[in-house]
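Q: Build me a structure from this.
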Amino acid sequence: MSNHERADRGERSTPPPDGAGSGTTVRDAPGREPRRGRVRITLDLLRANPTGRVVLKITVAVLGALVVAVGLALIPLPGPGWLIVIAGLAIWAVEFIWARRLLEFTRRNVRGWTKWVGRQSIPVRALLGTVGLAFVAAVVWASLKYSFGIDVVQRALAYLATH
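A: Next up is the predicted model:
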């Protein structure tokens, strides 16, 4: 049975966790749109055509690269740099198995880190937060000083000395 026939019957194909072999078919609740069904059907239609497959790979590769590049540029700045890099990785994971595996590895380790931090006492969490804040402040200071020639610390000390 093809993916299109499964989608018409309200079923979806789920790949196994290791990415090998064929997926199992899971029946969705009657009367409901299959989860991510339209996107999956669209991707299957594109992959069914050799030209569509190439266009999809190129589009996913370029879009993912742009998002990852923006995320990498934003990492030294305060904000969601790593989150944007992970979003670019998720875009790549639509079409590339290596990106899917790397994304799963990242998710697993972020979950582990989050659970570990959640088990720690309040003083340890405060220390981790302070170290993280100091790291971000140092990155911002270094970015401003070496990219724009603005030494924020020196200016702050000069201001305090004159006022």
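Q: Return the set of buried residues in stretch 80-95.
A: The neighbour-count check on stretch 80-95 (16 or more other C-beta atoms under 10 Å) flags Gly81, Ile84, Val85, Ile86, Gly88, Leu89, Ala90, Ile91, Trp92, Ala93, Val94, Glu95 as buried. For the C-beta atoms, the positions are set from N, CA and C on the backbone; glycine is no exception.
Q: counting contacts, what elements does the strand or helix carrying Ile84 pack onto?
A: Taking DSSP states H and E as the criterion, Ile84 maps to helix 81-93. The contact analysis (3 or more C-beta pairs under 8 Å, 6 or more residues apart in numbering; DSSP states H and E) places helix 81-93 against helix 50-74, helix 97-119.
Q: Do me a favour and average the pLDDT over the helix or strand just after the shortest one.
A: In this case it means helix 97-119. Where DSSP H and E defines the elements, the next helix or strand beyond helix 97-119 is helix 122-143. In this model, helix 122-143 carries a mean pLDDT of 88.
Q: what's helix 122-143 packed up against?
A: Counting by 3+ C-beta pairs under 8 Å, 6+ apart, helix 122-143 packs on helix 152-162.
Q: what's in contact with the helix it packs on?
A: By C-beta atoms under 8 Å, 6 or more residues apart in numbering, the residues outside helix 152-162 that reach it are Val140, Trp141, Leu144, Lys145.
Q: Kindly recompute the last result at 10 Å.
A: If you take C-beta atoms under 10 Å, 6 or more residues apart in numbering as the criterion, helix 152-162 is touched by Ala137, Val140, Trp141, Leu144, Lys145, Asp151.
Q: If you drop the residues flanking it in sequence, what lies closest to the last one?
A: Spatial nearest neighbour of Asp151, chain neighbours left out: Lys145 (5.1 Å); criterion: C-beta to C-beta, 6 or more residues apart in numbering.
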